[in-house]
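**Q** turn this into a structure:
(one chain, ligands or ions: 2)
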Amino acid sequence: MEVKAETIAQPKAVAKRHPRALRVLHWLIAALIIAALVFGTFIMARLPNSDPGKPFALLKHMLTGTVIFGLSVARLLVRAKAPRLAPMSSGMAWADRIVPLVHRVFDALVLLMIGSGLVMALVSGLPQTVFLGRGALPEHLDPALLHALHVFVARLLAAVLALHVAGAFYHQFVLRDGLISRMSLRAMRRLDGAVS
Ligand code: HEM
Ligand code: HEM
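**A** Ligands and ions are numbered 1, 2, ... in the order given. Predicted coordinates:
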């Protein structure tokens with residue numbers, strides 16, 4: 001009996017990349033966090049509060065931090081509803097076990113950065129000086145403990161970022177399994193399947 005082409009069931013394509021919204025948010029957040037880490041450590045931290053350029057530097061930093069907060073909340077909401085991709089093995093059982101944990105530690109550190117920065121700015125009365133131009137910056141930011149926490153978490157975040165990038169490059173260039181393509185912004189219909 002002749003079977004018409006359209007009656008043959010087609011195998012359902014499976015997504016091989018993260019959904020587009022997650023990919024866009026991942027790279028936007030990554031670029032802004034790297035900028036905040038580099039700018040905060042190498043420029044802002046070296047300016048004394050008496051420097052006339054300091055309020056504008058703080059303004060840019062605080063706005064960037066607030067945008068990172070909004071985008072991170074959006075990413076976590078999108079992620080909660082998005083279909084999950086199967087994990088890619090690195091060939092090392094211990095590393096495969098810690099990767100999901102490292103990703104959640106990443107999320108927690110970003111939120112801790114934002115929380116400590118926001119509270120430190122509010123308690124030190126920075127918004128009035130930085131956004132409204134009222135008064136001068138205090139000689140030292142209060143409370144010192146929150147400042148120390150913000151700096152410590154920034155160092156930890158930079159270390160986890162280095163580990164994350166090393167892992168991604170190991171997959172991409174040593175194992176050559178195309179892991180970075182799963183996060184790529186390039187239009188690649190071949191990898192998208194039906195779900196993208
Ligand atoms: C501070 C910046 C970054 C943050 C906060 C970050 C965070 C994350 C998180 C939380 C995930 C897990 C996705 C999920 O399950 O929700 C992820 C995945 C990924 N990240 Fe990043 N990332 C950053 C920078 C980078 C950079 C610079 C690269 C470049 C090599 C990169 C490459 C990847 C890749 C390839 C994946 C997908 C892994 C997979 O499909 O299993 N990330 N990132
Ligand atoms: C993921 C987001 C953020 C990152 C990666 C980040 C990173 C940094 C870094 C690297 C420093 C310099 C630390 C040092 O070595 O002394 C810094 C300082 C600071 N950050 Fe953030 N930050 C973030 C979010 C925020 C937010 C949301 C605020 C407030 C709204 C904020 C307020 C501050 C303040 C007030 C300082 C102190 C500046 C000084 O030392 O005089 N940060 N931040």
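**Q** assign a three-state SS to R104, would you?
**A** R104 carries the three-state label helix when classified by DSSP: H, G, I helix; E, B strand; the rest coil.
**Q** next: P52.
**A** Per three-state DSSP, P52 ends up coil.
**Q** show the contacting residues for V67.
**A** L32 (CB atoms under 8 Å, 6 or more residues apart in numbering). Quick note: C-beta positions are derived from backbone N, CA and C, even for glycine.
**Q** for it, pull up the helix or strand it's in.
**A** According to DSSP states H and E, V67 maps onto helix 54-81.
**Q** for that helix, buried residues please.
**A** By 16 or more other CB atoms under 10 Å, the buried positions in helix 54-81 come out as 54-55, 57-58, 61-62, 64-65, 68-69, 71-72, 75, 78-79.
**Q** check which helix or strand covers R155.
**A** Secondary structure (DSSP H and E) places R155 in helix 144-169.
**Q** correct me, but K54 touches L47?
**A** Yes: contact criterion CB atoms under 8 Å: K54 and L47 qualify, at 4.8 Å.
**Q** coming back round to it: which one of the buried residues of helix 54-81 is nearest ligand 1?
**A** Distance to ligand 1, by CB to the nearest ligand atom, is smallest for R79 among the buried residues of helix 54-81, at 4.7 Å.
**Q** so that closest one sits against R23, correct?
**A** No: using CB under 8 Å, R79 is not in contact with R23, being 11.4 Å away.
**Q** what sits against Q172?
**A** Here Q172 is in contact with G178, L179, I180 (CB under 8 Å, 6+ apart).
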